[in-house]
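**Q** Turn this into a structure:
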Amino acid sequence: MAIDLYFYLVPVVGLLALLYAFLRSKGIDKKDPGNTRMVEISGFIREGAMAFLKKEYKVLAIFALVVASALVAAYWSSESSHPLIGLSFICGAIFSSLAGFFGMRVATKANVRTANAAHKGLNDALAIAFSGGSVMGMTVVGLGVLGISCLTLLFWKSGIFDVSGATDWGRILAVLSGFSLGASSIALFARVGGGIYTKAADVGADLVGKVLKGIPEDDPRNPAVIADNVGDNVGDVAGMGADLFESYVGAIISAMVLAAAAGNIPALFLPLLLAAVGILASIIGSFFVRTKEGGNPQTALNIGTFLAGGLMLIAAIGLCYFFLPEGYTWANGTVSEWYHIVIAVVAGLIVGILVGVVTEYYTSDESKPTQEVAKESQTGTPTNIIAGLALGMKSTCIPIILIAIGIIVAYLYGGLYGIAMAALGMLSTTGIQLAVDAYGPISDNAGGIAEMSHLPKEVRQRTDKLDAVGNTTAAMGKGFAIGSAALTALALFSSFMTAAGIDSINVAQPTVMAGLLIGAMLPYLFSSMSMKAVGNAAHDMILEVERQFDQIPGLMEGTGRADYARCVAIATGAAIKRMIAPGLLAVLVPLIAGFIDKNMLGGLLAGCTVSGVILAIFMANAGGAWDNAKKHIEGGNYGGKGSDAHHAAVVGDTVGDPFKDTAGPSINILIKLMSVVALVIAPLL
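**A** Model (predicted):
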């Protein structure tokens with residue numbers, strides 16, 4: 001059977017992933033949500049999360065229609081692209097939005113059921129939390145594969161394009177790149193908006209609640225506690241989902257673009273076939289995530305993840321062997337055998353795992369680097385901040401070296417196509433990787449609901465055990481997201497150079513050097529805008545929380561009732577208002593640079609990618625270390641809760657919050673979105 005006939009199975013696998021997500025969702029619905037108080041609190045969280053998404057999507061709908069119209073007009077008579085790029089853009093935007101919507105909807109149902117299941121035991125709670133994460137993971141990969149494969153079939157079989165040779169396949173891929181642009185645009189706004197929301201609420205809740213009032217985390221007396229729990233969902237579920245959806249789609253399309261440019265049709269179809277097999281591997285792996293009472297949830301999650309990775313490796317060997325031509329010569333002169341592409345895929349897979357492991361080492365409260373940050377807290381806030389900054393800077397070394405090795409290995413064996421396949425190798429099991437990552441905020445919410453509902457102590461202990469593992473998976477997930485962003489951005493950058501006819505970037509040219517410098521500056525400007533937005537929103541939140549403690553009778557004593565809705569409204573309004581400027585920056589700057597000089601745009605992308613990846617690692621790891629240094633002290637070290645060291649660590653954590661959950665993760669999308677914008681406008685340059 002020819003490879004193009006196998007291609008018809010790809011959308012079927014996409015539908016299978018969505019069916020699996022639907023069945024998991026229905027299984028969660030059947031679980032007991034607990035008592036009236038638990039249902040009420042869960043309802044507050046769900047209503048706040050869905051209200052935020054509704055307002056965000058209204059704004060993004062206008063943006064999407066404007067951009068789609070501009071794309072149709074720009075390519076109305078183009079010979080290298082087609083007005084259908086507007087359709088691709090709208091589909092990418094809608095599918096990315098749907099992934100966030102469905103993932104958030106199920107996560108806000110799974111949280112209360114996880115808390116209630118913790119009454120019975122750890123395994124029941126783990127099963128529900130992981131099922132909630134699985135819905136997010138499978139929705140992302142299912143919609144991604146379904147969207148790309150269906151659009152490819154539409155453009156391929158509709159008769160609009162002549163696909164007798166590789167030339168019009170290049171035109172089809174130019175149109176299909178609009179899908180990646182739509183996904184990237186929504187992802188950036190979702191990440192920035194969600195990050196502003198979650199950290200404004202978190203900072204407000206922590207500074208007033210823990211530092212000024214001395215009340216525990218997730219205490220129902222804190223007016224910002226519901227907004228804080230809503231933020232876990234909009235930032236860490238919908239935001240992370242949109243981030244990995246964009247990377248997943250970008251890696252697939254960039255590999256297809258490079259294969260089309262080389263005239264290698266089997267290599268063009270291979271990325272989608274690998275993605276489809278990755279979905280099947282993730283589904284199989286998810287059935288092995290289970291633990292016993294007293295067991296380690298991390299071990300259960302690792303078994304499922306590594307099993308999926310092993311199955312994916314075996315499948316990659318088989319697919320490359322059967323479908324790739326022998327001894328194919330790429331444009332750069334690299335001659336690839338089928339097993340060379342396997343090596344590139346494996347390189348990406350290994351780099352992704354190792355970057356996650358290194359991230360976990362630097363940010364875990366059980367490791368020496370984070371414990372040293374906690375130790376420095378004994379002498380006050382300044383030494384805590386200095387130690388966290390130093391850790392973040394140092395932590396960039398090993399991940400960057402690993403990514404560099406992965407790039408070199410992939411290029412040596414597969415050329416630029418090998419780099420794109422390395423990115424896809426890293427992302428091939430996104431279904432279960434994202435399930436493990438989204439499990440974290442669900443467990444965190446479950447612990448908050450247990451605290452606010454005054455459930456027995458053993459329930460909170462079980463949810464805390466799940467949450468502790470969730471912190472580790474979140475840290476590894478951020479490392480995974482950064483590593484995949486670096487390889488995906490490089491693959492998209494390579495696709496842009498191919499589409500724009502650029503053979504090399506000469507830094508001796510003044511325009512290229514100018515682009516390089518401006519590009520290296522952009523992640524810092526972007527981070528400044530997003531962090532300033534968090535600071536302004538947090539200021540409003542702190543004032544509101546203090547006002548309620550001052551003006552609501554009996555609130556501190558526990559007899560009064562906080563106005564949770566007001567804090568939710570403040571966080572929502574701030575996030576929607578302040579996410580627009582950083583998002584427009586990422587779209588407009590590459591447009592301006594490209595129409596000045598396409599080589600300048602190449603320099604801009606190179607500078608942004610290099611500085612962006614390093615800054616993202618620094619911010620993610622510094623923020624994670626500050627967070628877990630606080631948790632290490634709360635575990636009874638250096639005086640425990642309420643001590644001077646704890647107060648210093650809480651301040652450090654609030655500084656790190658916008659580092660690790662707003663600016664840092666958003667940079668991942670910035671570097672990819674700019675590369676996608678460049679790829680889309682390449683036919684016009």
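
**Q** Can you report phi and psi for Thr429?
**A** Per-residue torsions, Thr429: phi -110, psi 40 (degrees, to the nearest 10).

**Q** whoops, I mixed them up, Thr559
**A** phi -100, psi -20.

**Q** Can you give me the neighbour number for it?
**A** 10 (other Cβ atoms under 10 Å). Heads up, the C-betas are built off the backbone N, CA and C, glycines and all.

**Q** next one: Pro325
**A** Neighbours around Pro325, by other Cβ under 10 Å: 12.

**Q** got it, and Gly636?
**A** Gly636: 9 neighbours (other Cβ under 10 Å).

**Q** roughly how far apart are it and Ile576?
**A** As for Gly636, its distance to Ile576 is 41 Å (criterion: Cβ to Cβ, to the nearest Å).

**Q** Next: Lys672.
**A** Look at Lys672 and Ile576: by Cβ to Cβ, they are 23 Å apart.

**Q** to the chain's geometric centre, what's the distance from the lengthiest helix in the chain?
**A** Determined from DSSP state H, the single longest helix within the chain is helix 457-500. On the basis of Cα atoms, centre = their mean, to the nearest Å, helix 457-500 is displaced by 6 Å from the centre of the chain it belongs to.

**Q** Now do the following helix or strand past it: which elements does it pack against?
**A** Moving toward the C-terminus from helix 457-500, the next helix or strand (DSSP states H and E) is helix 510-551. Helices and strands touching helix 510-551, by 3 or more Cβ pairs under 8 Å, 6 or more residues apart in numbering; DSSP states H and E, are helix 166-205, helix 564-578, helix 580-596, helix 598-634, helix 644-658, helix 664-681.

**Q** Now do helix 510-551 and helix 166-205, the angle between them.
**A** With axes from the mean of the first three to the mean of the last three Cα atoms, to 10 degrees defining the directions, helix 510-551 sits at 30 degrees from helix 166-205.

**Q** now helix 510-551 against helix 580-596, angle please.
**A** Angle, helix 510-551 to helix 580-596, by the same axes, to 10 degrees: 170 degrees.

**Q** between Lys672 and Ile576, who's got more neighbours?
**A** Counted by other Cβ under 10 Å, Lys672 and Ile576 do not tie: Lys672 has more neighbours, with 33 against 19.

**Q** Not counting its neighbours along the chain, what's nearest that one?
**A** Leaving aside its sequence neighbours, Lys672 sits nearest to Ala489 (Cβ to Cβ, 6 or more residues apart in numbering; 5.1 Å).

**Q** Now Asp597. Its backbone dihedrals?
**A** Per degrees, to the nearest 10, the backbone of Asp597 is at phi -170, psi 130.

**Q** what's the burial count for it?
**A** Asp597, neighbours per other Cβ under 10 Å, totals 18.

**Q** same deal with Val655?
**A** 18.

**Q** what would the helices and strands packed on helix 510-551 look like in CSV with distance to Ser528 and mean pLDDT?
**A** Formatted as CSV, these follow (distance: least, Cβ to Cβ, whole Å; pLDDT from 0 to 100):
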stretch, distance to Ser528, mean pLDDT
helix 166-205, 13, 80
helix 564-578, 12, 81
helix 580-596, 9, 86
helix 598-634, 11, 89
helix 644-658, 11, 86
helix 664-681, 12, 84
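
**Q** Dump the ones you listed into JSON lines; add distance to Gly440 as well.
**A** Formatted as JSON lines, those follow (distance: least, Cβ to Cβ, whole Å):
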{"stretch": "helix 166-205", "distance to Gly440": "13"}
{"stretch": "helix 564-578", "distance to Gly440": "20"}
{"stretch": "helix 580-596", "distance to Gly440": "25"}
{"stretch": "helix 598-634", "distance to Gly440": "12"}
{"stretch": "helix 644-658", "distance to Gly440": "15"}
{"stretch": "helix 664-681", "distance to Gly440": "14"}
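
**Q** mind checking which of those helices is nearest Ser364?
**A** Closest to Ser364 of those is helix 598-634 (Cβ to Cβ; 6.3 Å).
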